[in-house]
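Peer 1: after the sequence you'll find the predicted model.
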Amino acid sequence: MLVQDIMKRDLVTVTPRTRLTQVLRVLQPRGFRHVPVVAGGALVGIISDRDVKQAMVSLAASGTAGAALEQARERLTAAEIMQRTVTTVAPMFTVEDAARLMTTQKISALPVTEGGRLVGIVTETDVLDLFVRAMGVLEPSSRLDVILRDPEAGLGDLARAVEGTGARISSLVTLRGPDGQREVVLRLATLDPGPAVKALEERGYVMRGAGRGTAARS
């Protein structure tokens with residue numbers, strides 16, 4: 001899936017000259033954590049709720065108080081608190097690439113640009129929503145964690161064993177477990193994974209105990 005498939009297109013932005021008080025009015029009522037800063041249609045920065053909090057703490061720490069503090073807040077602009085170095089992605093980036101950037105750079109939002117213009121924004125919430133849908137946890141289902149003792153083993157035999165019981169596999173993910181062994185996380189579109197568990201164990205597969213038969217109801 002691509003970034004353009006999950007990004008938000010209905011954007012709320014500010015300009016470098018937007019006052020801090022106005023930035024607050026953009027972020028707080030809508031529950032936003034980030035707001036892009038745009039000048040002439042081009043992205044020039046981004047402001048997070050953390051940037052706003054740091055700016056307000058700095059003002060308070062300066063010794064300014066009362067009416068003078070309020071006046072200082074009114075004078076502060078987006079240009080003075082925004083992050084000017086912004087990591088962006090293009091609409092045709094894969095969601096995996098976007099998630100990798102968020103993880104490695106420890107950021108929770110990526111503006112999406114095309115031809116130098118801001119066209120959207122993708123956040124960690126958008127990526128998490130996609131993960132939840134992809135794993136099928138919003139549907140009545142069961143989860144099985146299967147250990148593959150042979151790290152080079154294919155998944156065909158495992159899938160055939162499960163589907164031979166009449167259970168439908170709604171999602172399948174492979175990963176390295178805590179002990180380094182290769183695991184398969186199966187989400188089955190059934191609340192009774194018993195027959196699938198039995199079929200897998202009869203073929204020599206090992207289940208991780210915590211994952212056996214864990215059901216999720218929508």
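Peer 2: Thanks, I have it. Just so it is clear, the structure is predicted and the values come from calculations on it, not from any experiment. Numbering: from 1, shown residues only.
Peer 1: need phi/psi at Ser108.
Peer 2: phi -120, psi 10 (degrees, to the nearest 10).
Peer 1: and it, how many neighbours?
Peer 2: 14 (other CB atoms under 10 Å). Using the backbone N, CA and C atoms, a C-beta is placed for each residue, glycine as well.
Peer 1: got the contact list for it?
Peer 2: Going by CB atoms under 8 Å, 6 or more residues apart in numbering, Ser108 touches 33-34, 48, 102, 123-124.
Peer 1: distance check, Ala196 against Glu80.
Peer 2: According to CB to CB, to the nearest Å, Ala196 and Glu80 sit 59 Å apart.
Peer 1: again with Ala199
Peer 2: 64 Å.
Peer 1: so between those two, which is more surrounded?
Peer 2: Ala199 (18 against 11).
Peer 1: just so I have it, where are all the helices in this protein?
Peer 2: 3-6, 20-30, 49-61, 66-75, 78-81, 95-105, 124-134, 156-163, 194-202 (DSSP state H).
Peer 1: which among these is found nearest to Leu148?
Peer 2: helix 156-163 (7.9 Å; CB to CB).
Peer 1: how many residues are close by Glu70?
Peer 2: 13.
Peer 1: let me see the contact set for the closest residue to Val44 other than its chain neighbours.
Peer 2: Distance criterion CB to CB, 6 or more residues apart in numbering; nearest residue to Val44, sequence neighbours excluded, is Val37 at 5.4 Å. Contact analysis of Val37 by CB under 8 Å, 6+ apart lists 13-16, 18, 43-47, 78-79, 82.
Peer 1: many thanks, I have nothing further to ask.
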